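A.B. asks: Requesting a structural model of the entry that follows:
(2 chains)
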Amino acid sequence: MAAVVSWRFETSRVGISGTLGRIPAALRLVTRSRLGAFGLMIVVAFILIGIFGAWLAPHDPNAINVRARLAPPSWTNLLGTDQLGRDILSRVLVGTRVSLLVALSSILLAAALGILMGLASGYGPRWLDRILIAIFDTVRSFPTLMFGIAVIALFGPSIWTVIAIIVTTTFPIYARIVRTQTMAIKNTEFILAERSIGASPVRIAFVHVLPNIVGQLFILASMDVPVVIMIESGLSFLGLGIRPPNASWGTILNDGYAFVRNSPWPVIAGGVPLILTTIGFTFLGETLRDLLDPKLRNER
Amino acid sequence: MLAVTSLVLMIRLVPGDPATVLLGPRATEAAKAALRAQMGLDQPFPIQVVGFLWNVLHGDLGMDVISRRPIADIVMAQLPYTLTLIGVAMAGAALIGIPLGCYSALRRNSWVDNVIGVLAVSAIAMPSFVIAIYFVLIFSIQLNLLPAIGSGAPGNILEQVRHLILPALAIGLNWVGYLARFVRSSMIEVLGERHIRSARAHGLRESRVLFSYALPLAILPTITVIGVGIGSLLSAAVLTEIVFARPGIGKLMFDSITQRNYPVVMAVVLVTTILFIACTTLADVINGLVDPRVRQTS
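C.D. replies: Down below sits the predicted model:
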């Protein structure tokens, strides 16, 4: 019995702890490339702003001050004020949290759903695979934003609808990758050995197959953040995402664009963080991919 | 693909009761019933589905209840604007992106290549509607060079072109970056092939090797990418049309949502989805025709 146990540890190539243990090393590698270091810096900065931004905000982001509407930057309002006299810097700081929270939580959900569906489809029976593949392809055949707008037209705009839209449109990418990887790993010797000692399919899928594909999913997620942020801010810009008066980058742009001829500051302040984060995450994702997984290079 | 299309059509039919939405909560039961009968909603669900599919196959998307015009006409009237925008954007992106990519591939790892590489990645990452907003801010409001709103008076070609430049650039910029990178890697791959080496060994001039032998091969795979790209540009076009207040599919959809005219919204989604699928399929077919290797593997 002892021999069998040790066999398992030698053969199941990477454990969960092994994968997570490699992250610091990977990050150290990332900082060696200038592009990666730059991306990482931006990403960390914005995550910090997302966490602590609400406390850094000099004013209440929703406090209306009609007398000082559309003011240019000054010492009291470092980035000026919007059409209701609200402090733009405070709104951007608080909006960062909303935008990042929506993006990261929906990617996490999408990845989780994708992993479940992908494992089921790659490891499960043939008929299940067929059905799931049909679902993935159907979802992917919609132009994302069109699908989003249609769903919102039906269910009404809210932060939850936005998250649901992002999850439904992005999970098939993860599911597909998990599926192919699962199928590739399924017939390797260490999985066969595992089956021969009577491990259940669920255990094999989660304990032995999953850790081997987490790295790829991580890269994919980091490259997906810009796309997801685009969907959220795009919908919010149309007034179909985050509801006013709550601030997100999209709603700041929406408010600002209506008054763009009176004051350029709201639009500049709402757009710059959006561009910086998307660039930051893309640089980070590209560097990670080049370092960890050159195979993925041509797939997207 | 057919299966996908029909599935998509089924999903289109899920919307709640349009009669209630359209007439508001204070409408009388009789008025709602009349409207339902007019829209065919009083029929059993399977009959609705089949009827709807049958009509769609005949190019009939139903009647718009508000303007009393066929929905298909409304959508088709707006479609050319969007298609022009997407076509011009893609053509522009190809004209700028492909030469940049080739140049990078030839000057591989030089500082020019590195700069183009970084710019390309940044261009890919930037959300196009934010670029559109900044273009309006810089070129229309601050510099007053190009118009920000509308699509120009019909018949006045020069005016229309001037209205097209900014939106097309805004949605094309992502693709400049994408194509530059794609062509770069495919050019590098082709330049390493043996027939290029033998062409050089035969003493052909370098320009002839590049333009007659390497370039055509390197550009072929971009056809597929462009095909898929036209589909994905649809999403970008929706937002950009709204930023520039241009007529088109996106504007139509947005206006229909604000009027709660859901049948039109659904028709737009349906048409664009079909367009999207058509572009992707066409790209696959063309790719199969020009590159025999794809045919063998699939």
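A.B. asks: who's in contact with B:L137?
C.D. replies: Residues near B:L137 by CB atoms under 8 Å, 6 or more residues apart in numbering or on different chains: A:260, A:264, A:267-268. (C-beta placed from N, C-alpha, C; glycine too.)
A.B. asks: Tell me which entries of these lie within helices.
C.D. replies: With helices defined by DSSP state H, the entries of the contacts of B:L137 inside them are A:267-268.
A.B. asks: ok, and the closest non-adjacent residue to the residue of the stretch 151-300 of chain A found nearest chain B?
C.D. replies: With distances taken as CB to the nearest CB, the stretch 151-300 of chain A approaches chain B most closely at A:T282, which sits 3.8 Å away. Using CB to CB, 6 or more residues apart in numbering or on different chains and skipping the chain neighbours, the partner closest in space to A:T282 is B:A125 (3.8 Å).
A.B. asks: how near is the one you found to A:G285?
C.D. replies: Between B:A125 and A:G285 the distance, using CB to CB, to the nearest Å, works out to 9 Å.
A.B. asks: Look at the residue of the stretch 1-150 of chain A found nearest chain B and say how many residues are nearby.
C.D. replies: Of all residues in the stretch 1-150 of chain A, A:L145 sits closest to chain B, at 3.7 Å by CB to the nearest CB. The burial count assigned to A:L145 is 26, neighbours taken as other CB atoms under 10 Å in any protein chain shown.
A.B. asks: so what secondary structure elements neighbour the host helix or strand of it?
C.D. replies: Counting by DSSP states H and E, the element that carries A:L145 is helix A:144-155. Contact partners of helix A:144-155 among helices and strands, from 3 or more CB pairs under 8 Å, 6 or more residues apart in numbering or on different chains; DSSP states H and E: helix A:159-186, helix A:210-237, helix B:222-243, helix B:249-258, helix B:262-290.
A.B. asks: quick one, which of these is nearest to A:P73?
C.D. replies: Ranking those by distance to A:P73, with CB to CB as the measure, places helix A:210-237 first at 22.5 Å.
A.B. asks: you'd agree A:P61 is in a helix?
C.D. replies: No: for A:P61, which was evaluated using DSSP: H, G, I helix; E, B strand; the rest coil, the result is coil, with no helix membership.
A.B. asks: Tell me where the stretch 1-150 of chain A is predicted with low confidence.
C.D. replies: Across the stretch 1-150 of chain A, the ranges flagged by pLDDT under 70 are A:1-27, A:63-71, A:75-79, A:82-83, A:85.
A.B. asks: And the stretch 51-200 of chain B, by the same measure?
C.D. replies: When the per-residue scores of the stretch 51-200 of chain B are filtered using pLDDT under 70, the ranges that remain are B:51-68, B:144-148, B:150-156.
A.B. asks: any idea where the helices of it begin and end?
C.D. replies: In the stretch 51-200 of chain B, the helices defined using DSSP state H, counting those that start in this stretch lie at B:71-106, B:111-125, B:128-135, B:157-191, B:194-201.
A.B. asks: Distance to B:I286 and mean neighbour count added to those helices, as a markdown table?
C.D. replies: Output for those, formatted as a markdown table (distance: least, CB to CB, whole Å; neighbours: other CB atoms under 10 Å in any protein chain shown):
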| stretch | distance to B:I286 | mean neighbour count |
| --- | --- | --- |
| helix B:71-106 | 15 | 20 |
| helix B:111-125 | 23 | 17 |
| helix B:128-135 | 25 | 24 |
| helix B:157-191 | 16 | 21 |
| helix B:194-201 | 23 | 13 |
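A.B. asks: Kindly reformat the ones you listed as JSON lines containing distance to A:I242.
C.D. replies: JSON lines is the format used below for the helices of the stretch 51-200 of chain B (distance: least, CB to CB, whole Å):
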{"stretch": "helix B:71-106", "distance to A:I242": "27"}
{"stretch": "helix B:111-125", "distance to A:I242": "22"}
{"stretch": "helix B:128-135", "distance to A:I242": "15"}
{"stretch": "helix B:157-191", "distance to A:I242": "23"}
{"stretch": "helix B:194-201", "distance to A:I242": "53"}
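A.B. asks: among these, which is nearest A:R289?
C.D. replies: Of all the helices of the stretch 51-200 of chain B, helix B:111-125 sits nearest to A:R289, with 11.6 Å by CB to CB.
A.B. asks: for the closest one, the distance to its chain's centre please.
C.D. replies: Computed by CA atoms, centre = their mean, to the nearest Å, the separation of helix B:111-125 from the middle of its chain amounts to 24 Å.
A.B. asks: what's around residue 275, how many residues?
C.D. replies: All of this refers to chain A. Neighbours around A:I275, by other CB under 10 Å: 18.
A.B. asks: look at chain B instead
C.D. replies: The number of residues packed near B:L275 is 20, by other CB under 10 Å.
A.B. asks: and if you look at the one 5 residues further on?
C.D. replies: Under the neighbour criterion other CB under 10 Å, B:T280 is assigned a count of 19.
A.B. asks: roughly how far apart are it and B:I286?
C.D. replies: Taken as CB to CB, the spacing of B:T280 relative to B:I286 amounts to 11 Å.
A.B. asks: Next: A:I204.
C.D. replies: In this structure, A:I204 and B:I286 are separated by 42 Å, where distance is defined by CB to CB.
A.B. asks: So if I had to pick from those two, which one is more boxed in?
C.D. replies: Set A:I204 next to B:I286 and count neighbours by other CB under 10 Å: A:I204 wins out with 21 against 15.
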